[in-house]
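K.L.:
next come a sequence and a model predicted from it.
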Amino acid sequence: MSDNPLQAICSTIGRISVSLHTNISKLISITQKPHTGTNVQFSVSVPAPPTATSSMLAADSSLFQPTEKVGPVTREQLGRATWTFIHTLGAQYPEKPTRQQKKDVKELMAIISRIYPCKECADHFKEVLRSNPIQAGSQAEFSQWLCRVHNVVNRSLGKPTFPCERVDARWGKLDCEHRVCDLQGSMTLFGSQTD
């Protein structure tokens, strides 16, 4: 396992991407039409899933191609996507993480607070992290911490909070064959874990 924390993150994102691609491919095989009142249409094509030799992180631009230019991502869309990623990471986080995995997840939260593409959001997340130190001793602990932190952000935005006892029902483990969605280093197949 590399000492580069981003390598593990990129590998996990790649596996999540392949899983999402596979499941979306199963569900979508028609042209999506937007709600009335807008003239943007999305063509949906379902290419074959990437092979083991293709780059798992390569963007598949053919999956959703707007037929007209669509504006940039909104702050709300970015926030939802970020929380989905973080909660999914929390669901996949091992029950007995290695020392490196604990370090990586703490560094990831710090990185997000430094480079998030919304300065106001990043600054707020830094404050939230200072007031709520990261708890990543196990999958359950990390998922619950994420839920509490997400609720801190939601309260600051005047949004409803989420009942943290339901976090696994909302953001549970990905359904992947042969545990291919497990975080790198969490499977005995790749070598023994060290704490």
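P.N.:
Good, I have the coordinates.

K.L.:
CA only for contacts and neighbour counts going forward, please
P.N.:
OK.

K.L.:
can you list contacts of the helix or strand containing residue 127?
P.N.:
For residue 127, the host element (DSSP states H and E) is helix 119-131. Applying CA atoms under 8 Å, 6 or more residues apart in numbering, the set of residues contacting helix 119-131 from outside is 110, 112-116, 149, 152-153.

K.L.:
okay if I get the residues you listed as CSV plus distance to residue 162, secondary structure and neighbour count?
P.N.:
As requested, those are arranged in CSV below (distance: CA to CA, whole Å; DSSP: H, G, I helix; E, B strand; the rest coil; neighbours: other CA atoms under 10 Å):
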residue, distance to residue 162, secondary structure, neighbour count
110, 23, helix, 16
112, 22, helix, 15
113, 22, helix, 21
114, 26, helix, 16
115, 26, helix, 11
116, 23, coil, 16
149, 11, helix, 19
152, 10, helix, 16
153, 11, helix, 17
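
K.L.:
which parts of the helix holding residue 127 are buried?
P.N.:
121-122, 125-126, 128-129 (16 or more other CA atoms under 10 Å).

K.L.:
for stretch 133-146, same thing?
P.N.:
Across stretch 133-146, burial judged by 16+ other CA under 10 Å covers 134-146.

K.L.:
domains in this structure, as residue ranges please.
P.N.:
As given by automatic domain parsing, the domain ranges for the chain are 5-66, 75-190.

K.L.:
how many neighbours does residue 160 have?
P.N.:
Around residue 160 there are 10 other residues, counting by other CA atoms under 10 Å.

K.L.:
for residue 152, see how far away it is.
P.N.:
Separation of residue 160 from residue 152 (CA to CA, to the nearest Å) stands at 10 Å.

K.L.:
what does residue 161 give?
P.N.:
Counting by CA to CA - residue 161 and residue 152 are separated by 8 Å.

K.L.:
swap in residue 158?
P.N.:
Using CA to CA, residue 158 is found at 10 Å from residue 152.

K.L.:
next one: residue 132
P.N.:
Residue 132 sits 9 Å away from residue 152, going by CA to CA.

K.L.:
what's the neighbour count on residue 97?
P.N.:
For residue 97, the number of neighbouring residues by other CA under 10 Å comes to 20.

K.L.:
these two touch, right, it and residue 140?
P.N.:
No: Residue 97 is not in contact with residue 140 according to CA atoms under 8 Å; the separation is 11.1 Å.

K.L.:
follow-up on the earlier one: lowest average pLDDT across the domains of the chain?
P.N.:
Per-stretch mean pLDDT for these is lowest at domain 5-66 (a mean of 49).
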